[in-house]
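> Provide a 3D model corresponding to the input given below.
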Amino acid sequence: NLDVINFCSKNGISLGKYTDLWGENNWKASEMIFVRRVGATTDPEVTNFPIGLENARSGNCPTQTLVDAYEMKNGSEPNPKDPYTGRDPRFAMTIAVNGDKWPNTNPNPLEIYVGGRNASPIPYATQTGYYLKKYVDGSTDISASTGSGGKVHSWVTFRLGEFLLNYAEATFKYFGGADNKDGELTMSAREAVNKIRKRTGVDMPEFPEGMSSDNFWKRYKNERMVELAFEGHRFWDVRRWKEGDKYFNVRPKGMNYNGESDADFFRVTEVIVQRKFMTPMHYLMPIPKDDINKNERKFVQNPGY
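Residues are numbered from 1 along each chain as shown. The predicted structure follows:
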């Protein structure tokens, strides 16, 4: 990870705006290391735009767990009657909430309260009370009559932000502390995370010196969840930390909007979906039977399969 970070430093690859990570020109973002271009398509928009828009399918809906991971910028607790104001700026860049004018082609603010134009009881409406912005091009028109076709999409495989977080985790585990560094590892885990938090357009308060190991580790995992949301990392992170039973065996939570006035609007609720994560089975993939057959005495199947 340090080799990659140093390579980026020498070759002009640097953190830029968080919103540069998606959109038609995201492959040009200053921190990109390797991206896979998909070409012109409306598939991400058709899949993820809110129900209530023509041709939209309401696919990936953020959970309350992810929403709660976005810290308040001033370090306070969220106001239960106004839970979104003052959060980490990456929240509004990633997640669409009730009242947002999203996407740009939507003529109306989102109505995600029960009975609203983008909510239950409409079939396939979000069960969590949120819709996805990240990786979705809000300027795309997917309607049959006025749609003008898709735009280029590029999936991020490697970007500098991930390697700073990887480095922070490895360094923290190696030293056993967030502030430690030496002649080779000249950047501490805390300093690496703070580069992410101080990136253009985010500017969150830095992690302070002297954090306890437990506090740093808790907030690091939170930071990774926020920074890399919907980039395909969470599935592997939780397994690497051996915390699948903690995070994957609980019902996902969402926000149940029960009225149009803010006074009695917000109520956290459990989502219908129930997942079953089995340990230690689901920390490992099964070994293919064809491979086991090549040497049955030494190739032993992973537990549970």
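
> Look up the closest residue to residue 216, ignoring the ones flanking it.
Take residue 216 and drop its neighbours on the chain: the residue closest to it by CB to CB, 6 or more residues apart in numbering is residue 178, 4.0 Å away. Yep, even glycine has a C-beta here, placed from its N, CA and C like the rest.

> The one you found and residue 4: what is the separation?
Residue 178 is 21 Å from residue 4, where distance means CB to CB, to the nearest Å.

> higher neighbour count, those two?
Counted by other CB atoms under 10 Å, residue 178 and residue 4 do not tie: residue 178 has more neighbours, with 26 against 17.

> Quick one: residues contacting the closest residue in space to residue 177 that isn't next to it in sequence.
Among residues not flanking residue 177 along the chain, residue 213 sits closest, at 6.1 Å (CB to CB, 6+ apart). Counting by CB atoms under 8 Å, 6 or more residues apart in numbering, residue 213 touches 172, 176, 177, 178.

> Let me see the backbone angles for residue 33.
Main-chain torsions, residue 33, degrees, to the nearest 10: phi -110, psi -50.

> I'd like the distance between it and residue 165.
Distance of residue 33 to residue 165, computed by CB to CB: 14 Å.

> thought the residue nearest to residue 216 was touching residue 211?
Yes - shown here, residue 178 and residue 211 form a contact pair, counting by CB atoms under 8 Å, at 5.2 Å.

> Give me the common contacts of the two.
residue 190.

> neighbour count winner among residue 33 and residue 165?
Each of residue 33 and residue 165 has its neighbours counted (other CB under 10 Å); residue 165 has more, 23 against 16.

> what about the more buried one, which helix or strand?
Using DSSP states H and E, residue 165 sits within helix 160-175.

> from the contacts of residue 213, which would you call buried?
172, 177, 178 (16 or more other CB atoms under 10 Å).

> For the second one, give me its contacts.
Which is residue 177. Residues near residue 177 by CB under 8 Å, 6+ apart: 189, 213, 216.

> how much space between the second one and residue 176?
Put plainly, it is residue 213. Remark: distance between residue 213 and residue 176 (CB to CB) = 7 Å.

> What segments of this protein are strands?
32-41, 95-96, 131-132, 151-159, 253-255, 268-270 (DSSP state E).

> any chance of these in JSON lines, with distance to residue 77 and mean pLDDT too?
Output for these, formatted as JSON lines (distance: least, CB to CB, whole Å; pLDDT from 0 to 100):
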{"stretch": "strand 32-41", "distance to residue 77": "36", "mean pLDDT": "94"}
{"stretch": "strand 95-96", "distance to residue 77": "19", "mean pLDDT": "98"}
{"stretch": "strand 131-132", "distance to residue 77": "25", "mean pLDDT": "98"}
{"stretch": "strand 151-159", "distance to residue 77": "32", "mean pLDDT": "95"}
{"stretch": "strand 253-255", "distance to residue 77": "16", "mean pLDDT": "87"}
{"stretch": "strand 268-270", "distance to residue 77": "14", "mean pLDDT": "73"}
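
> Same list (the ones you listed) but as JSON lines, adding distance to residue 293.
Listed next are those as JSON lines, based on distance: least, CB to CB, whole Å:
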{"stretch": "strand 32-41", "distance to residue 293": "34"}
{"stretch": "strand 95-96", "distance to residue 293": "48"}
{"stretch": "strand 131-132", "distance to residue 293": "43"}
{"stretch": "strand 151-159", "distance to residue 293": "34"}
{"stretch": "strand 253-255", "distance to residue 293": "45"}
{"stretch": "strand 268-270", "distance to residue 293": "44"}
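
> centroid residue for this protein?
Nearest to the geometric centre of the chain sits residue 229, at 0.9 Å (CA atoms, centre = their mean).

> tell me the pLDDT at the residue nearest to it when sequence neighbours are not counted?
Nearest residue to residue 229, sequence neighbours excluded (CB to CB, 6+ apart): residue 94, at 5.5 Å. Looking at residue 94, its pLDDT is 98.
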